[in-house]
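J.: Structure for the following, please:
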Amino acid sequence: MFCRTVPRWSLSAARPGARWLADLASTVSISARLKLDLKEAMKAKEKTKLSVIKGVLSDILYAEKNAMTGASFSRDSDTDVATLIQRAIKQRNESVQSYTAGGREDLAKAEEAEIGILSAYLPRQLTTEEIETHVAQ
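T.: Model (predicted):
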């Protein structure tokens, strides 16, 4: 009986450092990056990041199921997922304002940490000066 051994390639053996992840992040969709980061957060036992990513993935799944009823949403579309993340950031900003108005700085800091995690998945926003130079050109 002929048996050929096939080498097993793992992602951990292929990545020399953080640069590999940055290169990969530029080529995959936001939802794929979320899934990769979910695994990394589980391994690193980062509870805050894990709960935020699970929440966003849950929102993506919910939006996909609602898309079957009429609204258009695609998990592979970065614009759709970015819109969903922007909505989550807006909700957290409103929570931060409510918590600071109520004197709950501890909860406001937790929400701000979640905003930082979510912002990492959005493309870099242009500054006012950059927008003005683009408009002028």
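J.: Contact partners for the most centrally placed residue in the chain?
T.: The centroid of the chain falls nearest to Tyr121 when counting by Cα atoms, centre = their mean (3.9 Å). With contact set as Cβ atoms under 8 Å, 6 or more residues apart in numbering, Tyr121 has these partners: 30, 33-34, 56, 81-82, 85. Using the backbone N, CA and C atoms, a C-beta is placed for each residue, glycine as well.
J.: If we use 7 Å, what do you get?
T.: Contacts for Tyr121 (Cβ atoms under 7 Å, 6 or more residues apart in numbering) come out as 30, 33-34, 85.
J.: now swap in Leu122 and tell me
T.: By Cβ under 7 Å, 6+ apart, the neighbours of Leu122 are 82, 85-86.
J.: low-confidence ranges in this protein?
T.: By pLDDT under 70, the weakly predicted segments of the chain are 1-27, 67-71.
J.: Give me the helices and strands touching the longest helix along it, please.
T.: With secondary structure taken from DSSP state H, the chain has its longest helix at helix 78-101. Helices and strands touching helix 78-101, by 3 or more Cβ pairs under 7 Å, 6 or more residues apart in numbering; DSSP states H and E, are helix 30-44, helix 47-67, helix 105-119.
J.: Tell me which other helices or strands the helix or strand just after the last one touches.
T.: To tie it back to what came earlier, the one meant is helix 105-119. Note on helix 105-119: by DSSP states H and E, the next helix or strand toward the C-terminus is helix 128-136. Applying 3+ Cβ pairs under 7 Å, 6+ apart, we find helix 128-136 packed against no helix or strand.
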